[in-house]
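Chemist: output the structure for:
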Amino acid sequence: MISINDLTVAYGGFTLLNGIDFHISETDKIGLVGKNGAGKSTILKLICGIQSPTSGKVAVRNDVKIGYLPQIMEHCKGRSVIDEAMTAFSDIFELEEALGRITVELAERQDYESKEYHDLIIRMNEINDRLSYTRSENPEVLAERTLLGLGFRYDELSRPAETFSQGWNMRIELAKILLSKPDVLLLDEPTNHLDIESIEWLEEYLKSYRGSLVLISHDRKFLDNVTNRTVEIMLGRIHDYRVPYSRYLELRRERIEQQKAAYENQQRLIEKTEEFIEKFRYKPTKSNQVQSRVKQLEKLERIEIDVEDRSVMTVKFPPAPRSGDIVYKSVDMMVGYGEKIVFSDAAIEVRRGEKVALVGRNGEGKTTLMRVIMGELDPMMGESKSGYNVNIGYYAQNQEDILDKEDTVFGTLDRIAVGDIRLKLRDILGAFLFKGEDIDKKVAVLSGGERARLAMAKLMLRPYNLLALDEPTNHMDIRSKDMLKQALKAYDGTLIIVSHDRDFLDGLVDKLYEFRDGKVKEHLGGVQEFLDRRKLENLSELERHYKVVEEKSAEVVQKKEVARQEYQAKRYVSKEEKKIRNRISFLEKGIGELELKMKDIESVLSNPGPEDDVMELTRAYLENKRELDFKMAEWEKLNEQLEF
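Modeler: Next up, the predicted model:
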């Protein structure tokens, strides 16, 4: 289906991918793994044709339809969530419009034996066949089901897409790709902005998906559940394993151990052979044996051990200046946007040196609180106040919007660094794995993980005493996460962190604030104590538990049904209005054509020539006039309906 042949990608003197080969068949579900910046996203771009290789080629069959979800994307504005998702069916709608035009033309024509009429019949049958093949269900029902599976509620489907965060817009893009039913799915870290319910829904979808899949993810469980093949990129080369991720780790470890054992055995053999040659080189009686051993060494295929990339991020936050005892406090705080209340009656107190986690489902207000702490959003009611001498270092989720894409890696830090720290920028970037020519790369070409590391490096430039980190590990590989966790444990300031990652939070935080049902509740102790208290296995279960509670609430179920009915009513009105407007446009076009025809006939009748049939012209004029009257009457009636 897709072949990658002797493909090399180089930037200046740096080779990212070096002569790689692999094939993607119809049944492959590939996990593409490797460190941040290894070239995973680049391979997806090469397959899509967004980027060209330095040498080699990517061969894609002409009939293959590709669906690509990048890490970073531009989101459409001006449409509701459901209308944006429905653009996935644009091909179907175009076919339906073409079918409608052909049906009207066939009804108006009477040249049943003509070639043109016969061709229209053939075209109509072809369109009907394509529609019956591509459309198994009502497109709107499919779109609703997919959006609901990805976490949207009925009452959100009519909201403008631009009123949602980037993470939610990513879900809309993912829905569009899934609805378009491509032959090959290329997904670049699709779970970064999904909660557990949506991840599980996507897992089930991908398990039953019949096409090919190439998936980039740092979620081990997700890879194991979805993929059947693992392609590792390391130092420009690939290692291909026909097994899921966890099994690949075992086989990789075994391969390296076998290589080391074989290498050591071969080295002992070489050493003994060289000793024999050196010992008997000048003895005539041993000359034949010596020459035989020399030839043996020359022919020997030397065993090499695969080089492993063991570079890791090294993070050490500057010492925190002393702040007041109370770092942040809110009393009876209500927060929201416009008329929407996100949470209310929030009493939050963060003291100097505490490490606090904000947990709960997406949309419950964790990022909203971060915005309040940063002064980007004012509470509707109550009090919100930072303490004495508090200096906040903020890591936001939407780093791709905050970082200047046209700036370089070095320039990003150099632009905001002041004082003696400017002399250490290269060292800081090196600690975050930006070395050599990497520092001259533009932000626009960085992977999601590299942007995350660059944003974290910015926090090294000043001695903050409060770090507010919103999902800092979303794009980080496992080793980078471990390094960041150790650095945060050693940090002597105050930490407020949003994360769904239990392993990352476990042993790091000593207090949690749970966001649930519009309220904020304090839990003293670490993550494990919180889960034990709630009788949950992990933070994912926390999100799942919310759903169970909601389903048990008759009031919530009733609200959901009301929301669904209101949504359907709005959509029905919207669809009916769209049909009316389309019909009005069709009528206006027909009215214009009839008026032109009548004007031409009037021109001839005002000065008929000897070959003009006045009676026939008069009859045609009256027929056009009658049809015009019918169309005008319908046009007026439809416009009255719109006004009503």
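
Chemist: the residue nearest to N228 when sequence neighbours are not counted and G507: what is the separation?
Modeler: With sequence-adjacent residues excluded and distances taken as C-beta to C-beta, 6 or more residues apart in numbering, N228 is closest to K29, at 5.0 Å. Every C-beta, even on glycine, is put in place using the N, C-alpha and C of the backbone. The gap separating K29 from G507 is 34 Å, by C-beta to C-beta, to the nearest Å.

Chemist: who has more neighbours out of these two?
Modeler: Comparing K29 with G507 by neighbour count (other C-beta atoms under 10 Å), the higher total belongs to K29, at 20 against 12.

Chemist: quick one, phi psi at that one?
Modeler: Dihedral pair for K29: phi -120, psi 100, per degrees, to the nearest 10.

Chemist: residue contacts, it?
Modeler: L206, Y209, S212, L213, L215, V226, T227, N228, R229 (C-beta atoms under 8 Å, 6 or more residues apart in numbering).

Chemist: just give me the closest of those residues to Y491.
Modeler: Set against Y491, the nearest of the contacts of K29 by C-beta to C-beta is L215 (33.8 Å).

Chemist: okay, and that closest one sits in which element?
Modeler: strand 212-216 (DSSP states H and E).

Chemist: give the other helices and strands that that strand contacts.
Modeler: strand 29-33, helix 40-48, strand 184-188, helix 220-226 (3 or more C-beta pairs under 8 Å, 6 or more residues apart in numbering; DSSP states H and E).

Chemist: show me where the stretch 51-200 of the chain dips below the pLDDT cut-off.
Modeler: 133-136, 195-197 (pLDDT under 70).

Chemist: what segments of it are helices?
Modeler: For the stretch 51-200 of the chain, the helices defined by DSSP state H, counting those that start in this stretch cover 81-86, 90-108, 115-134, 139-149, 166-179, 196-208.

Chemist: which of those is buried the deepest?
Modeler: helix 81-86 (a mean of 23; mean count of other C-beta atoms under 10 Å).

Chemist: which strands or helices does that one pack on?
Modeler: By 3+ C-beta pairs under 8 Å, 6+ apart, helix 81-86 packs against helix 139-149, helix 166-179.

Chemist: between the strand holding L215 and helix 40-48, how big is the angle?
Modeler: Here the directions of strand 212-216 and helix 40-48 differ by 150 degrees (axes from the mean of the first three to the mean of the last three C-alpha atoms, to 10 degrees).

Chemist: next, format the helices of the stretch 51-200 of the chain as JSON lines and append distance to R502.
Modeler: Formatted as JSON lines, the helices of the stretch 51-200 of the chain follow (distance: least, C-beta to C-beta, whole Å):
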{"stretch": "helix 81-86", "distance to R502": "30"}
{"stretch": "helix 90-108", "distance to R502": "41"}
{"stretch": "helix 115-134", "distance to R502": "42"}
{"stretch": "helix 139-149", "distance to R502": "24"}
{"stretch": "helix 166-179", "distance to R502": "20"}
{"stretch": "helix 196-208", "distance to R502": "11"}
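
Chemist: so which of those helices gets nearest N582?
Modeler: helix 90-108 (9.1 Å).

Chemist: got the angle between that closest one and helix 139-149?
Modeler: Using the same axes, to 10 degrees: helix 90-108 against helix 139-149 is 170 degrees.

Chemist: and helix 90-108, how far from the chain's centre?
Modeler: 35 Å (C-alpha atoms, centre = their mean, to the nearest Å).

Chemist: next: stretch 411-420.
Modeler: In terms of C-alpha atoms, centre = their mean, the centre of stretch 411-420 is found 31 Å from the chain centre.

Chemist: check which residues of that stretch are buried.
Modeler: For stretch 411-420, burial by neighbour count (16 or more other C-beta atoms under 10 Å) applies to G411, T412, L413, A417.

Chemist: who's in contact with whichever helix or strand the second one is part of?
Modeler: In this case it means T412. Element membership of T412, judged by DSSP H and E, is helix 409-414. By C-beta under 8 Å, 6+ apart, the list of residues contacting helix 409-414 from outside reads 403-404, 422, 425-426, 428-429, 434, 438-441, 443, 446, 454, 457-458, 461.

Chemist: rerun at 6 Å
Modeler: With C-beta atoms under 6 Å, 6 or more residues apart in numbering as the test, helix 409-414 has contacts from L425, F434, I439, K441.

Chemist: how about the first one, what does it touch?
Modeler: Residues touching L425, when contacts are defined by C-beta under 6 Å, 6+ apart, comprise L413.

Chemist: pLDDT (mean, whole number) over the strand or helix carrying it?
Modeler: Per DSSP H and E, L425 falls inside helix 425-431. The pLDDT scores in helix 425-431 average 86.

Chemist: with just CA atoms, put the strand holding L215 into PDB.
Modeler: What follows is strand 212-216, C-alpha atoms only, in PDB (Å, rounded to 0.1, in the frame of the first residue of the first chain):
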ATOM      1  CA  SER A 212      -3.900   0.700   8.000                       C
ATOM      2  CA  LEU A 213      -2.800   2.800  11.000                       C
ATOM      3  CA  VAL A 214       0.500   4.600  11.800                       C
ATOM      4  CA  LEU A 215       0.300   5.900  15.400                       C
ATOM      5  CA  ILE A 216       2.700   8.100  17.400                       C
END
